[in-house]
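Undergrad: Below are the sequence and a predicted model for it; my questions follow.
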Amino acid sequence: MLESYTKIVAIAVAASIIAVLALSTILPSSDDYMPDNPYWNGQNIFSKTVNATFTDPKTILLEPEKTTIFIISPEKNMTEEYTIMLKNFAESGGTIVLMDETGKINPILEELNVGVEIEPHPIMDPLYYYRSWKLPKITNINPTTPTTKNVTSIATDIPSAIKIEDTRNIKVLAYTSYFSYMDLDGDGQPSKDDPAGPFPIAVEKAYGQGKIIVISDSSLFINSIIELETTKYS
Amino acid sequence: MKHKTSALTIALVAIILSYLIILATQPPPTIYRRHVDPNSETEKLPYQTYLTTFLLFTFDELVKGNFTGTIIKLKELNQTYVPTSLKYIFERFRQLMNELTVKLDDTSSQLDYAELLIYSGREDDARNPLKAAGYNLAESNITYSQLKSSAEELTKSFMLPRAQVFQKIDSIQNLIENMYKRLQTLLERIEFQKNLEETYMEIQVYPENVWVGSTITVEGKLYTRTQPLTQKVVTVYFEGQKAYEARTSSSGLFNCTIKVPYTYKPKANIIAKYLPAEDDSNKYKPTASNTVQISLLYIMPKVEAKVLGKPLPGKYFTVEGKIYAERRLPYDQIKVSWLTGSTTAEIENGTFKLTLKVPETISDGKYVLKAEAPASEIFAPASTTLYVNVQRIPINLTVEAPPIAISGIESNIVGKIAYEGEEKFNSTIKLVLGQEHIENVGQEFTIKFTPPLTIFSGYQTYRLQVKPQPPWYSSVEAEGRIFIINPITVAVPVGLVSAIAVKMLREEKKKAKVVEKGIEKVEEAKKVQEREKYYVREGLEWLINVYWQAVVIVSNLTKIDMKPSTTIREYLAQVKEAGKEFYSSFEKISIVAEKALYSPKVTEEELETAKKSIEELQTIYARIIH
């Protein structure tokens, strides 16, 4: 009798260990922006398309002119070591794309001396949008820069505005429409005191041999936003 | 089979529970990201006020005759969000607006072209564009009517203010009418110009081959069939740019000297035009001269440059070059640009040489270096571009890692760095496995690491980076997998499974005990029966059976079991309260049974009473249970 129970326990334990290990490796992430997250808030389409590698900035050993670093919605401030690494990377011909709508990225922008900052209030557009005013469609795109010359529209997900403090070497890549507004009172409607567009949402600064691109929406490359341009709402 | 099913059930429960526990113990995201799932958003109509404003802007552009602007606005309008159910109405309106704009734009262009031809004295050539313009205007009228109907539907569907929209649409009618008027005017001008006198102009330019920065002379003559035109203003153009205004002499001749700009291209065109002004516009037709092409002369220096040595990060390299031309160069410096900066190098005997430092932090790759000589009068600018190939010296890394490691227990990774050359240096080694271990090591190293308790059990990828301290050596990275056994992550499911299994085991043991007790009870009852049988008087065994039948009935009805140790009297006393209805019958049977066991004599009457009582008891039992 006792032997059979020992067997049960042994089989169960073995099965559970295998299954837990398998689950922890097989189950895709559902965290925001994760490159292996196939759900609406993941970035697996983007990651596959651009062949992105999810990496710790400190461990980068790259050819700058062939590489773009995306820093999407950073959670913490950057150390001096990171900043120097990024500066060197851009100055040697690399491209850095910084994406955030919450303003959390502002200290990094300051460290890198980009001359812009994110204003964290939501931008809505009641005329150019996808399904909801919270999803502005950007059509004012700079056709003269190599970065955006082939881009006709950009889908966004509750973006913010970029405040340009120092216009030297700054090129605006994309503006929201004239009809967009900054929803200061949070009522979702264009109110009298809500500042009206256009607002810059993507800018580029030449940085040594490379460049720094700032986008005031960290969700630009999530699966559901990428699909907007190609599916039912376009 | 049953055991297997139980095992799987336990495992499944344990897996789910442990996974939920693992998920629940994950720290919540610390940052608030702002985004929504587009699929969960309610579909919204465009804001009417803004849509109206936009349409009014578009009409305004058209009415102003800014056709390009109108087309741009219509393209922008196409980007606005329109719910699928209203798409056809919206699209029809937009298409008609676009069609009307294109037709009116074409009409306007035809009218402009016709006007240019007419004012160049080519009235006959102007007739065709005017005809095309007339046809376009007729079509535009039809499109305009369709646009009005479409606008009715649009304003209704999108709940737009009809009066505002139609006020603007009506003004498009004025635009069409104005074009008709212009067409009429130009046709009249053709008739008028038939009576104007033709004019002619010819020019000559010399020299035909000229150095940039020097001068050329343009001579010409303006005349009619019958006479030279005197005191008329003629404009000379150099490569399309207005260069000089000359006035004709009494013989219709004019000449001017133009300085050739420092334009470094081989050919340039020169033309002169006459546009009659004031009263002359009612006498003479305008005209343009022949086009004269001249050759421009300039010196094109040649620049050559090359990199000497191997550019390595943190070290210097030399750029050497030469610049030469047909004549002595007017400058003695050349600009050299590389990376973010630029510098100048002295030119000595047509050669230059400079030393540049490669930044320590630069990545490997080819970097553009440009040597530029400036434009200087007859010397055209010259430059050369070359690529400076920065390549660190490669190193090889060999790593020996243990196949298995246990979280919380120290393990070792052994490695060796190999490279060309004799130089000795230290390297910074970083091992990333759940957490980072950084050490400064020589060419051969052993890294002690302890896998953290925060990583899962299973194969984990480790990364080992080696960064040599001299910047001219390449960093190298190795990756591999180690099977990590984390007691914590294993303990969670194992503990759960064990707990459930132990619980089940206990329950099973309990059940087994009950069964064993039952068996003991039966055996004891048998023993009692055997023991008591000894005392039963011969021929009265049936009476004892009757008693046991009665006990079974009474215990079923009262739910009070008779224990092996309980006597007949004790059991009778126990069931007295619970069995009022049948107590009397059971009492009689009990008394007779007791007598049969312990008394020397049982009467026939008592035996009869027992038989009747068991029948009564059975009847009561049957009634109760049915």
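TA: The structure has been received and is ready for your questions.
Undergrad: where does the stretch 501-626 of chain B dip in pLDDT?
TA: In the prediction, the stretch 501-626 of chain B carries residues with pLDDT under 70 at positions B:518, B:525, B:528-538, B:626.
Undergrad: In it, what residue spans correspond to strands?
TA: Applying DSSP state E, counting those that start in this stretch to the stretch 501-626 of chain B gives no strands.
Undergrad: Write out the residues of it neighbouring chain A.
TA: B:501, B:504, B:505, B:508, B:512 (C-beta under 8 Å from any C-beta of the partner chain). (Each C-beta comes from the backbone N, C-alpha and C, glycine too.)
Undergrad: Highest neighbour count among these?
TA: In terms of neighbours by other C-beta atoms under 10 Å in any protein chain shown, those top out with residue B:501 at 22 neighbours.
Undergrad: For chain A, give me the ranges with low pLDDT.
TA: In the predicted model of chain A, residues A:1-5, A:8-9, A:12-13, A:16-17, A:19-28, A:56-63, A:230-234 satisfy pLDDT under 70.
Undergrad: In terms of helices and strands, where is residue A:86?
TA: With elements taken from DSSP states H and E, the one containing residue A:86 is helix A:80-91.
Undergrad: residues in contact with the next helix or strand after that helix?
TA: Once the chain leaves helix A:80-91, the next helix or strand it forms, by DSSP H and E, is strand A:95-99. Outside of strand A:95-99, the residues that reach it under the criterion C-beta atoms under 8 Å, 6 or more residues apart in numbering or on different chains are A:67-73, A:86, A:89-90, A:105, A:108-109, A:112, A:114, A:207, A:210-218, A:220-221.
Undergrad: Please apply the same query to stretch B:105-114.
TA: By C-beta under 8 Å, 6+ apart, the surrounding residues in contact with stretch B:105-114 are B:65, B:67-68, B:71, B:126-127, B:129-130, B:132-133, B:136-137, B:140, B:179, B:182-183, B:186.
Undergrad: Show me which of the contacts of strand A:95-99 are buried.
TA: With neighbours counted using 16 or more other C-beta atoms under 10 Å in any protein chain shown, those contain these buried positions: A:67, A:69-73, A:86, A:89-90, A:105, A:108-109, A:112, A:114, A:207, A:210-218, A:220-221.
Undergrad: Tell me which of the residues you listed fall in strands.
TA: Judged by DSSP state E, those include A:69, A:70, A:71, A:72, A:207, A:210, A:211, A:212, A:213, A:214, A:215 as members of strands.
Undergrad: mind listing what the fifth one touches?
TA: Think residue A:207. Taking C-beta under 8 Å, 6+ apart, one finds A:87, A:90, A:91, A:96, A:112 in contact with residue A:207.
Undergrad: between those, which is nearest chain B?
TA: Nearest to chain B, judged by C-beta to the nearest C-beta, of those is residue A:91 at 6.0 Å.
Undergrad: isn't that closest one right up against residue B:363?
TA: No - counting by C-beta atoms under 8 Å, residue A:91 stays clear of residue B:363, with 10.1 Å between them.
Undergrad: Looking at these two now, which is surrounded by more residues?
TA: Taking residue A:91 and residue B:363 together and counting by other C-beta under 10 Å, residue B:363 has the greater number of neighbours (22 against 18).
Undergrad: pLDDT score for the more buried one?
TA: At residue B:363, the pLDDT value in this model is 71.
Undergrad: I'd like the secondary structure assignment at it, please.
TA: Under the three-state scheme (DSSP: H, G, I helix; E, B strand; the rest coil), residue B:363 adopts coil.
Undergrad: Helix or strand next in line after the lowest-mean-pLDDT helix or strand in chain B, which one?
TA: Taking mean pLDDT, DSSP states H and E as the measure, the helix or strand of chain B with the lowest value is helix B:2-25, at a mean of 63. Of the helices and strands lying after helix B:2-25 in sequence (DSSP H and E), the nearest is helix B:48-63.
Undergrad: who does that next one touch, helix- and strand-wise?
TA: helix B:67-78, helix B:87-118, helix B:162-193 (3 or more C-beta pairs under 8 Å, 6 or more residues apart in numbering or on different chains; DSSP states H and E).
Undergrad: just to revisit the earlier point, return the closest of the contacts of residue A:207 with respect to residue A:154.
TA: Nearest to residue A:154, judged by C-beta to C-beta, of the contacts of residue A:207 is residue A:96 at 18.7 Å.
Undergrad: Chain neighbours aside, what residue packs nearest to residue 68?
TA: By default, I'm working from chain A. Leaving out its chain neighbours, the residue that sits closest to residue A:68 by C-beta to C-beta, 6 or more residues apart in numbering or on different chains is residue A:95, at 4.3 Å.
Undergrad: Chain B is the one I meant
TA: The spatial neighbour of residue B:68 that comes closest, neighbours along the chain excluded (C-beta to C-beta, 6+ apart), is residue B:105 at 7.6 Å.
Undergrad: go on, residue B:176?
TA: The spatial neighbour of residue B:176 that comes closest, neighbours along the chain excluded (C-beta to C-beta, 6+ apart), is residue B:140 at 5.7 Å.
Undergrad: Now name the helix or strand holding the one you found.
TA: When secondary structure is defined by DSSP H and E, residue B:140 falls within helix B:123-157.
Undergrad: Residue of the stretch 501-626 of chain B nearest chain A, please.
TA: For the stretch 501-626 of chain B, the residue closest to chain A is residue B:501, as judged by C-beta to the nearest C-beta, at 4.1 Å.
Undergrad: Could you count how many residues lie near residue B:370?
TA: 15.
Undergrad: State the distance from it to chain A.
TA: Look at residue B:370 and chain A: by C-beta to the nearest C-beta, to the nearest Å, they are 12 Å apart.
Undergrad: Which residues does that residue form beta bridges with?
TA: residue B:337, residue B:385 (DSSP bridges).
Undergrad: Alright, that wraps it up for me.
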